[in-house]
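# Quick one, structure for this:
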Amino acid sequence: MLSFKKEEEKIKFEMQNLDKELNKLNLELEDLKEDNLSLKRKNDYSALEKGIKAEKELNNKIKFRLNEISKLKKKLNDLEIEKDESIVIKKDMDNVLDLINHGYTRPQAAKKSRISLSQISKWYSDGKENKSRISIYFYNQMNYIEDFSNGFFDILKKEFTNQNKISLMRSFIPKSYPKRLDRFYREDSKLWFSRLELRKQRSIYYFSLKGDTIPRLVLIFDSDREQSNFRLFDSEVWIRLEMYNVDKIKNDFKIMHVDEEKYPNHYYLSIGELYGRVLSKNLELLISNYGCYHGNYLERMNE
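Numbers count the residues shown, from 1 in each chain. Purely as a prediction, here's the structure:
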C-alpha cells in the first residue's frame, strides 16, 4: 500500500548497477597502473603524462560511484527506518480512519482514539504536502472517506456522459421531493443511474438497465454509517445489501457478513475500488444477474 517494497527494489537495482560499473572501473584502473609503470621504466614521459591524467580521471569516476553507492545505502537505511515507524503509526491512523468511516467527526475521532486533534491535522497537512508515504496514505484515505459521496458521483458522471430526464414512480421518491431526475447513461452500456440529493451528506442512488424505468438497485449514501448502504475500506467500495441466496453471488463478488448474529441476511458486497475501472461493470453485473435490491430506503429517507 505504501510502496516501500517497490522503492527498496529500485534502490537495490541501482546499487547493483553501480557495483558492476565500479568493478569494471577498478579493473581498468589496475590495467592502467601497470601500463603507466611500464612507461616509467621505458622513460616515455610524454605517454606517461597522458597515462597519469587518465588514471586521475578513472579515480574520480570511482570516487563518484562510491559516493553514489554510499548515498543509496543511506537512502535504503532511511527507508527501513521509515517503514518500521510507519507500521506503528499506521495502526493509529487506521484507528482514526475507521472511526471517521463510522461517521465520527475529526474531533470525535480524536477523543475516541485518544490521538490529539492537532496530530490528526498534522498527518493530514503533511500528506497534502507530500512529506512522507505514510502521511500521503492518511491524506488520501481521509479524502476518500470524507468526500466519498461526491467522489463516487463524479467518477460515475465522467463515465456516463450522456444525460436526459426520467420520471420515477412516486414510491421511489421521498415525500416533498420531485420525481423527475437527471438520468446518466452511456450508449455502449446497459447501465444507467440517477441521484437524488436530499441534503449535504445524504442522497439516494438509483441504478437500472437500458429500457427499464423502474430502478433495480436503490442505495442510500448517508454520513451516518448506520443509515448508509455504502462503506469504504482502503479505497474499496462495499455496499450493504439484504440477500437470502448468496451461494451463486460468491462466484462473482467478494462478500462478508455485516453481523451474522444481529443481521443474518445482511452482507457487504464489494463493487471495486473507488478510483478503479470496474465500478460500473460490477453494478451492471449485479443487477443483470442477481435481481433487485431496494431495501427499506424509503422508510429511512422519510425519517
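# I'd assumed Val96 was in contact with Ile120.
Yes. Applying CB atoms under 8 Å, one finds Ile120 in contact with Val96, separated by 5.9 Å. Placement of C-beta: from N, CA and C, glycine included.
# Now list whatever residues contact both of those two.
Residues touching both Ile120 and Val96 by CB atoms under 8 Å, 6 or more residues apart in numbering: 109-110.
# Identify the residues contacting stretch 164-178?
179-183, 185, 192, 194, 196, 198, 204, 206, 213-215, 218, 298, 301-302.
# just for the stretch 1-150 of the chain, where's the confidence low?
Applying pLDDT under 70 to the stretch 1-150 of the chain flags residues 1-4, 81-82, 84-86, 88, 101-103, 144-147, 149.
# Need the phi and psi values for Trp192.
Note on Trp192: its backbone torsions stand at phi -140, psi 160 [degrees, to the nearest 10].
# That one - nearest residue in space that isn't next to it in sequence?
Tyr185 (4.0 Å; CB to CB, 6 or more residues apart in numbering).
# Could you report the neighbour count for the one you found?
Neighbourhood size, Tyr185 [other CB atoms under 10 Å]: 19.
# pretty sure Tyr268 is in a strand, no?
Yes. Assessed with DSSP: H, G, I helix; E, B strand; the rest coil, Tyr268 lies in a strand.
# Need the phi and psi values for the closest residue to it other than its chain neighbours.
Nearest residue to Tyr268, sequence neighbours excluded (CB to CB, 6+ apart): Trp238, at 4.2 Å. Main-chain torsions, Trp238, degrees, to the nearest 10: phi -120, psi 140.
# How far does stretch 241-250 sit from its chain's centre?
Computed by CA atoms, centre = their mean, to the nearest Å, the separation of stretch 241-250 from the middle of its chain amounts to 27 Å.
# Residues in contact with that stretch: which ones?
Under CB under 8 Å, 6+ apart, the answer for stretch 241-250 is 229, 255, 265-267, 269, 290, 293, 295.
# Most neighbours of all the residues you listed, which one?
Among the contacts of stretch 241-250, Leu269 has more neighbours than the rest - 24 neighbours, counting by other CB under 10 Å.
# rewinding a little: quick check: phi and psi on the residue nearest to Trp192?
phi -150, psi 170.
# Do you have the helices of the stretch 51-200 of the chain handy? List them.
106-113, 117-128, 133-146, 148-159 (DSSP state H, counting those that start in this stretch).
# Please point out which parts of the last one sit buried.
When burial is assessed from 16 or more other CB atoms under 10 Å, helix 148-159 yields the following buried residues: 148-149, 151-153, 155-156.
# quick one on the thing from earlier: selecting buried members of the contacts of stretch 164-178 in ChimeraX, what would you type?
Selecting the buried subset of the contacts of stretch 164-178 in ChimeraX, with 16+ other CB under 10 Å as the burial test, is done by:
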select :181,183,185,192,194,196,204,206,215,218,298,301
